[in-house]
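>>> Below: sequence and its predicted model.
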Amino acid sequence: MNKKIGILGAGQLGKMLCLEAARLDLDLALMDKSSDYPAAKLCKRFVQGDFSNYEDVLNFGRTVDVLSIEIESVNVEALIQLQAEGIIVHPEPSKLAIIKDKGLQKEFYKKHQIPTSKFQLFDDATHIRKSLNDGTLKIPFVQKARRDGYDGRGVHIVRKEEDLAKLLDVPSIVEPLVNIEKEIAVIVAKNESGEVKAFPSVEMEFHPTANLVEYLVCPSSLDEMEESIAQKLARDLIRAFDVCGLLAVEMFLTKEGKLLINEVAPRPHNSGHHTLDSSMTSQFEQHLRAILNMPLGSCQNIAPAVMINLLGEENYSGPVKYKNIEEVLKIGGVKMLLYGKTETRPFRKMGHATIIAKDLAEAKKKAQEAKSLLKIIST
């Protein structure tokens, strides 16, 4: 617990890591491009730098004992060098290199016989159109950029010919449009001693326009057998990758009853924010425990919960204003966390609220009320 911990990134995930680190009086330093970012005002030490720049990451990493991330798009070459110099780096850099490339991720699943949807790799939009013309690819399908996709960006769904006009002209993976019954996520953690613990699965409902999680429900509606399979998949996957810290495992339950791995993130994740208020241990505390090789905390739910992402309204950009926030705070069981971003944009994540109640029906009702009231606009 006396080790100096470094986190690359100072966004909202960094902010929540700082909040939980303070409970254990951990020495946390963060690096990012601007001191205006959400976590900068909370950490014990903030360093201004670019986490994609080799020298910046190297210089920052040399000031800490343990280095981790809150975003995947960091300079992996610098992490490899720091590891060679004796700095503890989690997730392990060679595994991060696989995870940050969705094509390599899918090939990893195939190699390790982990259930996932079929896929093809493409260099660019021209390559995709050529495969359509020669019959080796058929509509409908989902195109995903191999790198740098997040919060719905880097994903394009092609349901009809007209959708081809907006193909992403980047190296991509293409998957058939899976017949999805439910979208599920399991947050799992592993420390260096090999201890593994997984949180109960959550069920996600997505915003139809922004392709962001709109409602997250815990516990999910998986039956006992499906939950057991989801838990085993998450545990098997973190052991296969052999990473320490968190692994957020997103899955599809198909209408045929099969669970397929969609993708993973080796860090705290949007699908685990509810754990701050509805779990014995939050995902953020669990990540810190894991990278320090401390005993992992209990993943038991305290109460049913629904989480909503608080998104900027579609037609507003500029200095943020939270309309009707006082009315939302009057709703019993609403636990709100605003990220401290000063500027709003359409569908930008500005915060989240977790609603806890005696049962999911009540939590869902209050979540819908809160969502209808709160409007994030600009001044």
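Cool, got the structure.
>>> Endpoint to endpoint, stretch 293-304 covers what distance?
Start and end residues of stretch 293-304 are separated by 29 Å (C-alpha to C-alpha, to the nearest Å).
>>> Go ahead and measure how far that stretch is from the middle of the chain.
Relative to the chain's own centre, stretch 293-304 is displaced by 18 Å; criterion: C-alpha atoms, centre = their mean, to the nearest Å.
>>> Touching it from outside, list them.
With contacts defined as C-beta atoms under 8 Å, 6 or more residues apart in numbering, stretch 293-304 is touched by 1, 189, 191-193, 195-200, 218-219, 244, 278-281, 285-286, 288-290, 356-360, 363. From N, CA and C alone the C-beta is placed, and that goes for glycine too.
>>> so where do the helices sit in this protein?
12-23, 54-61, 76-84, 93-99, 102-111, 125-134, 224-241, 275-278, 283-291, 325-329, 360-373 (DSSP state H).
>>> In TSV, list these along with distance to residue 251 and mean pLDDT.
Shown next, in TSV, are those (distance: least, C-beta to C-beta, whole Å; pLDDT from 0 to 100):
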stretch	distance to residue 251	mean pLDDT
helix 12-23	21	97
helix 54-61	32	98
helix 76-84	26	98
helix 93-99	16	97
helix 102-111	12	97
helix 125-134	26	96
helix 224-241	6	98
helix 275-278	18	98
helix 283-291	17	98
helix 325-329	31	96
helix 360-373	20	96
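>>> Let me know which of those is tucked in deepest.
Counting by mean count of other C-beta atoms under 10 Å, helix 283-291 has the highest mean neighbour count of those, with a mean of 27.
>>> Please tell me how far that helix is from the chain's geometric centre.
Put simply, helix 283-291 sits 15 Å off its chain's centre (C-alpha atoms, centre = their mean).
>>> list the helices and strands that helix packs on?
Packing partners of helix 283-291 (3 or more C-beta pairs under 8 Å, 6 or more residues apart in numbering; DSSP states H and E): helix 12-23, strand 66-69, strand 180-190, strand 245-254, helix 275-278.
>>> need those in CSV with distance to residue 58, can you?
Below are the helices and strands packed on helix 283-291 laid out as CSV (distance: least, C-beta to C-beta, whole Å):
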stretch, distance to residue 58
helix 12-23, 20
strand 66-69, 11
strand 180-190, 26
strand 245-254, 21
helix 275-278, 33
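>>> Can you list the low-confidence ranges for the stretch 251-379 of the chain?
By pLDDT under 70, the stretch 251-379 of the chain has no low-scoring segment.
>>> quick one, phi psi at the nearest residue to residue 373 once chain neighbours are set aside?
Of all residues not flanking residue 373 in the chain, residue 324 sits nearest, at 4.6 Å (C-beta to C-beta, 6 or more residues apart in numbering). With angles defined as degrees, to the nearest 10, residue 324 sits at phi 70, psi 20.
>>> what about residue 324, how many neighbours?
A count of neighbours around residue 324, defined by other C-beta atoms under 10 Å, yields 12.
>>> Touching, it and residue 372? I think so.
No - between residue 324 and residue 372 there is no contact under C-beta atoms under 8 Å: 9.2 Å.
>>> Let me have the helices of the chain in a markdown table, adding distance to residue 300 as columns.
Listed next are these as a markdown table, based on distance: least, C-beta to C-beta, whole Å:
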| stretch | distance to residue 300 |
| --- | --- |
| helix 12-23 | 17 |
| helix 54-61 | 35 |
| helix 76-84 | 33 |
| helix 93-99 | 28 |
| helix 102-111 | 29 |
| helix 125-134 | 45 |
| helix 224-241 | 13 |
| helix 275-278 | 10 |
| helix 283-291 | 12 |
| helix 325-329 | 28 |
| helix 360-373 | 17 |
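>>> among those, which is nearest residue 144?
Comparing the helices of the chain by their distance to residue 144 (C-beta to C-beta), the top pick is helix 102-111, with 5.5 Å.
>>> and of the helices and strands packed on helix 283-291, who's closest to residue 50?
For residue 50, the closest of the helices and strands packed on helix 283-291 is strand 66-69, at 13.8 Å, according to C-beta to C-beta.
>>> chain center to the closest one: distance?
Using C-alpha atoms, centre = their mean, the offset of strand 66-69 from its chain centre is 16 Å.
>>> That one packs against which elements?
Where contact means 3+ C-beta pairs under 8 Å, 6+ apart, strand 66-69 is packed against strand 4-8, strand 88-89, helix 283-291.
>>> now what about the last one, what contacts it?
I take that to be helix 283-291. So helix 283-291 is contacted by 5, 13, 16-17, 19-21, 23-24, 26, 66, 68, 88, 90, 187, 189-191, 197, 199, 244-246, 267-269, 272-273, 275-276, 281, 294-297, 299 (C-beta under 8 Å, 6+ apart).
>>> repeat for the first one
Residues lying outside strand 4-8 but in contact with it, judged by C-beta under 8 Å, 6+ apart, are 14, 17, 21, 26-32, 39, 43, 51, 57, 60-61, 63-71, 74, 288, 291-292.
>>> pretty sure residue 363 is touching residue 307, no?
No - using C-beta under 8 Å as the test, residue 363 is too far from residue 307 to be in contact (9.5 Å).
>>> Kindly state which of the helices of the chain is positioned closest to residue 145.
helix 102-111 (7.4 Å).
>>> Now do that closest one and helix 224-241, the angle between them.
Orientation of helix 102-111 against helix 224-241 (axes from the mean of the first three to the mean of the last three C-alpha atoms, to 10 degrees) gives an angle of 110 degrees.
>>> If you drop the residues flanking it in sequence, what lies closest to residue 353?
Nearest to residue 353 is residue 336, by C-beta to C-beta, 6+ apart, at 4.5 Å.
>>> Got a ChimeraX select line for the buried ones in the contacts of helix 283-291?
To isolate the buried ones among the contacts of helix 283-291 in ChimeraX, judged by 16 or more other C-beta atoms under 10 Å, type:
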select :5,13,16,17,19,20,21,26,66,68,88,90,187,189,190,191,197,199,244,245,246,267,268,269,272,273,275,276,281,294,296,297,299
